[in-house]
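> sharing a sequence plus its predicted fold:
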There are 2 protein chains.
Amino acid sequence: MSELIFVGMGLHDENDISLRGLEEVKKADFAFAELYTSFMKELRIGKLEKLARKKIKMVSRRMLEEENGEEILAAAQKGKTIFLVPGDPLVATTHVDLRINAEKIGVKTRIIHGASIITAAIGLSGLQNYKFGRSVTIPFTHNLHVSETPYAILKTNRKAGLHTLCFLDIKAEEKRYMTIKEALGILLEIEEKRRESIILGNTLVVGIARAGSKNPVVKSGMFHKVLNYDFGAPPQTLIFPGKLHFMEAEALTKLADAPESIKQLIR
Amino acid sequence: MSELIFVGMGLHDENDISLRGLEEVKKADFAFAELYTSFMKELRIGKLEKLARKKIKMVSRRMLEEENGEEILAAAQKGKTIFLVPGDPLVATTHVDLRINAEKIGVKTRIIHGASIITAAIGLSGLQNYKFGRSVTIPFTHNLHVSETPYAILKTNRKAGLHTLCFLDIKAEEKRYMTIKEALGILLEIEEKRRESIILGNTLVVGIARAGSKNPVVKSGMFHKVLNYDFGAPPQTLIFPGKLHFMEAEALTKLADAPESIKQLIR
């Protein structure tokens, strides 16, 4: 029966898939996976193939974007097809298009959700979900052009007292995964140009590395402390807190090693 | 070895736990679970106990909030203790406190993430993650007092062209799970008082029911159409889209049954 099921692989390795997700892969006629929208540090497709007793075909960005996922859609028209995606599939809207195209040709679609960096980062930071404003991605500099969007969004959220979750760009095909240090460097560059006092020496930052692993690192502190901190390997994420509730300050000092002085930021 | 591991159970039933999460429950000395922060429609703790071959003790809101999770902390000091939570644990900050208290008494803590309604709702709607502003919960009316916070946040996000994700209140002990109809009714009541034209007949709404189930319902349309639509059983969630990108309008019409007329909202 033709069907396309998007299965989220979660954050870290082949054990982050849900029981349901694995069952569906086992029962599938065809299975595909992409690993370019997020970096799952310890995922080895071979291990997932072993668990599922199923061959899984890797899909590149080009296959999805330039070929419109033709191969996946062709398979889905023939039988039950799984598309494995890091995190919670369809949050990165790049796959919404594939889902729409499947439905257009009469292929029923379904989602089996997985854990996402969005909620993992919020949970690890101890900050309150409803105090986050818009999220933003800090993109790699391209042809010397530095996108000022992250700075603008930081400014707007900050003005409203809200936290900003910043995803760090990745170019998986080139094995480039932006680090916290690089991201903070880019923001500093924009500050030096814009001079609107959004990034200062005492700007509070929370850096998160390898959420979903056995030993994630969550470190909070003033800008330069976090800039110079060794977070280890990617994937990495940043949060710029806005105004802090006293429980949030407690969480940052007790769970993210922030200095007691951040309590001045409580409103 | 004393340790407290927060394990996310995901959205729907015992099969939404990750492979890793289940392995950890199997290896635990003690296991606890709460089912009051979110409604997992088909979760039966007995089934999870069978899968994990482990007795799981249910925890009430009172045990966590009034007794400060004493029983869980006592267990965690004796051996490896699991605390099972719907969704991605620690996003509902009610448990951040428990984590801080554990660390304070020298108990190491860890998180095994699960799928959350936050990313599931975004993914199911086909809307773009970075266009969501602040989220808000629409609370049950208490002593005739209707909280106007959701209205205010809707207004702020709308002005900025951003989408608003609205969680609907639950009182699990009373088996009360707010429906989309009730939530929209509350917002209409606030509009009738405030008259700031935030909720109008042509206000676009997206209603989502039973995310994570085999047959979730995602229905988008003008306010009264969604108000009168039968979404079936809880859990339910609402999104108020802001300005639409043409791909978002495409997603809502093709995947959420929105009328073609919403294309006027594209900016």
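On my side now, so go ahead.
> switch to C-alpha atoms for all contacts and neighbour counts from now on
Will do.
> wait, what's in contact with residue A:253?
When contacts are counted by CA atoms under 8 Å, 6 or more residues apart in numbering or on different chains, residue A:253 is found next to A:220, A:259, A:260.
> up against chain B, what does the stretch 101-250 of chain A have?
Counting by CA under 8 Å from any CA of the partner chain, the residues of the stretch 101-250 of chain A lying close to chain B are A:103-104, A:110-116, A:118-120, A:122-124, A:126-136, A:212, A:214, A:247.
> hey, where'd the helices end up in chain A?
With DSSP state H as the criterion, chain A has helices at A:19-27, A:45-52, A:61-65, A:70-78, A:96-104, A:117-125, A:149-159, A:180-194, A:223-227, A:246-255.
> which positions in the helix or strand of chain A with the lowest mean pLDDT come out as buried?
Each helix and strand of chain A was given a mean pLDDT (mean pLDDT, DSSP states H and E); the minimum falls on helix A:61-65 at a mean of 88. With burial defined by 16 or more other CA atoms under 10 Å in any protein chain shown, the residues of helix A:61-65 counted as buried are A:61, A:64.
> stretch A:194-211 too?
Buried residues in stretch A:194-211, defined by neighbour count with 16+ other CA under 10 Å: A:198, A:199, A:203, A:204, A:205, A:206, A:207, A:208, A:209, A:210, A:211.
> first to last residue in that stretch, what's the distance?
Distances were taken as CA to CA, to the nearest Å; on that basis the terminal residues of stretch A:194-211 are 32 Å apart.
> for stretch A:82-94, same thing?
16 Å.
> that stretch near chain B at all?
Yes. If you take CA under 8 Å from any CA as the test, stretch A:82-94 does meet chain B, through A:88, A:89, A:90, A:91, A:92, A:93.
> any idea how many residues pack against the last one?
I take that to be residue A:93. Number of residues near residue A:93 (other CA atoms under 10 Å in any protein chain shown) recorded here: 19.
> is it true that it touches residue B:124?
No. Residue A:93 is beyond contact range of residue B:124, at 10.4 Å (criterion: CA atoms under 8 Å).
> pull out the buried residues from the residues of the stretch 101-250 of chain A next to chain B.
When burial is judged by neighbour count using 16+ other CA under 10 Å, the buried members of those are A:103, A:110-116, A:118-120, A:122-124, A:126-136, A:212, A:247.
> which residues of chain A score low on pLDDT?
Low-confidence segments of chain A, defined by pLDDT under 70, are absent.
> please identify the residue most distant from the middle of chain A.
Residue distances from the centre of chain A (CA atoms, centre = their mean) peak at residue A:1, which lies 32.7 Å from the mean C-alpha position.
> contacting residues around it?
Contacts of residue A:1 were listed using CA under 8 Å, 6+ apart, and they are A:78, A:79, A:80.
> then residue A:204?
When contacts are counted by CA under 8 Å, 6+ apart, residue A:204 is found next to A:220, A:221, A:222, A:223, A:240, A:241, A:262.
> closest to residue A:60 among those residues?
For the contacts of residue A:204, the closest approach to residue A:60 (CA to CA) belongs to residue A:240, at 32.3 Å.
> from residue B:246, how far off is the closest one?
When CA to CA is the yardstick, residue A:240 and residue B:246 sit 30 Å from each other.
> output the buried residues of stretch A:194-211 in CSV, with distance to residue A:53 appended to each entry.
Formatted as CSV, the entries for the buried residues of stretch A:194-211 read as follows, by distance: CA to CA, whole Å:
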residue, distance to residue A:53
A:198, 52
A:199, 50
A:203, 50
A:204, 47
A:205, 44
A:206, 40
A:207, 38
A:208, 34
A:209, 31
A:210, 28
A:211, 28
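> so which of these sit within strands?
Cross-referencing the buried residues of stretch A:194-211 against strands under DSSP state E gives A:204, A:205, A:206, A:207, A:208, A:209.
> and those as a markdown table, adding distance to residue A:36?
Supplementary listing: these in a markdown table, determined by distance: CA to CA, whole Å:
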| residue | distance to residue A:36 |
| --- | --- |
| A:204 | 30 |
| A:205 | 27 |
| A:206 | 25 |
| A:207 | 22 |
| A:208 | 20 |
| A:209 | 18 |
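> which ones among the contacts of residue A:253 map onto strands?
Among those, the members falling in strands (DSSP E) are residue A:220.
> now a PyMOL select for only the buried ones of the contacts of residue A:253.
This is how PyMOL selects the buried members of the contacts of residue A:253, with burial counted by 16+ other CA under 10 Å:
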select buried, chain A and resi 220
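> return the distance of the residue most central in space within chain A relative to residue A:123.
Central residue of chain A (CA atoms, centre = their mean): residue A:117, 4.4 Å from the mean position. Distance of residue A:117 to residue A:123, computed by CA to CA: 10 Å.
> now do residue A:235
For residue A:235, the distance to residue A:123 under the criterion CA to CA works out to 16 Å.
> skipping its backbone neighbours, what lies nearest residue A:139 in space?
With CA to CA, 6 or more residues apart in numbering or on different chains as the criterion, residue A:139 has its nearest non-adjacent residue at 4.9 Å, and that residue is residue A:169.
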